[in-house]
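In: build me a model from this:
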Amino acid sequence: MAFHFDPRTILYLLVVSQLILFLDNSIFIEMLTVIIFIVPFFISKQMKWGLSIVLVYSLQLFVAFFILPVINNAILLYPLSMIANGFRELISGIIVGIYALKLTHSGEWISLFKKWHFPKFFIVPFSVIFRFFPTMRQDYRQIRNAMAFRGIERGPIAFIKQPVQTFEFILIPLLMNASQVAQDLTISALTKGLSISGKQTSIITLHMTKVDFIYMIIALVPIIICIGEFI
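Out: Next up is the predicted model:
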């Protein structure tokens, strides 16, 4: 199994990303932060996600520094500026969020919340929401496979040609199934005893490794640089 960080390390990285966003807005600190936060994908052998984030961030930098300065049309300038500048400022937090959803199991989060004595009205909805979207993604794939089996055209071209039919074959089954999925996941969470009062145990044992502690120190480098500039 590929290495992945402890949930506490992920929460720590999320806090650090927001502190860096608050303290400094220079391109050097931003690039250094993004590089530090992208490395965990390669450590965890998630090369596809790591390279995809590098490509997206590189395109944002290219648009921000080479495309936006030569655009005079406001209709193109504002949306491109939002993508290249607005979303780019939030990319470090987005990277941590992707890592949390992609490589951290819901059981680990629930075990952590139990350990920190989070209230039941938070743990149960979190368990349902965390598993809801992956389940809906699987249903979406099954619907697309069923359309392909019946010879129904699918994909972006099909949406352009026949948008009403595409919505009918994809969106309506998803909406009809969404309430049933939410109900099934809620029953599953309650069956596991998440709503029972009193002390609870978990089969998942969380432990911090040396890599967690080392990376927590490395993540502080941009903050140390920012503080050094203020001093």
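In: neighbours around residue 9, how many?
Out: 22 (other CB atoms under 10 Å). Quick note: C-beta positions are derived from backbone N, CA and C, even for glycine.
In: could you do residue 57 as well?
Out: Neighbourhood size, residue 57 [other CB under 10 Å]: 19.
In: next SSE after the helix or strand hosting it?
Out: If you go by DSSP states H and E, residue 57 is part of helix 47-62. Once helix 47-62 ends, the next helix or strand along the chain (criterion: DSSP H and E) is helix 74-81.
In: and that following helix, how far out from the chain's middle?
Out: 26 Å (CA atoms, centre = their mean, to the nearest Å).
In: just for the chain, where's the confidence low?
Out: 1-2, 24-25, 151-162, 193-196, 198-201, 229-231 (pLDDT under 70).
In: grab the most central residue of it for me.
Out: residue 98 (2.5 Å; CA atoms, centre = their mean).
In: okay but that residue is in contact with residue 53, surely?
Out: Yes: using CB atoms under 8 Å, residue 98 is in contact with residue 53, at 7.4 Å.
In: picking that back up, for the residue nearest to the centre of the chain, what are its contacts?
Out: 49, 53 (CB atoms under 8 Å, 6 or more residues apart in numbering).
In: now the element after the helix or strand where it lies, going C-ward?
Out: With the criterion set as DSSP H and E, the secondary-structure element containing residue 98 is helix 91-103. The helix or strand immediately downstream of helix 91-103 is helix 106-115, counting by DSSP H and E.
In: thanks again, I'm all set now.
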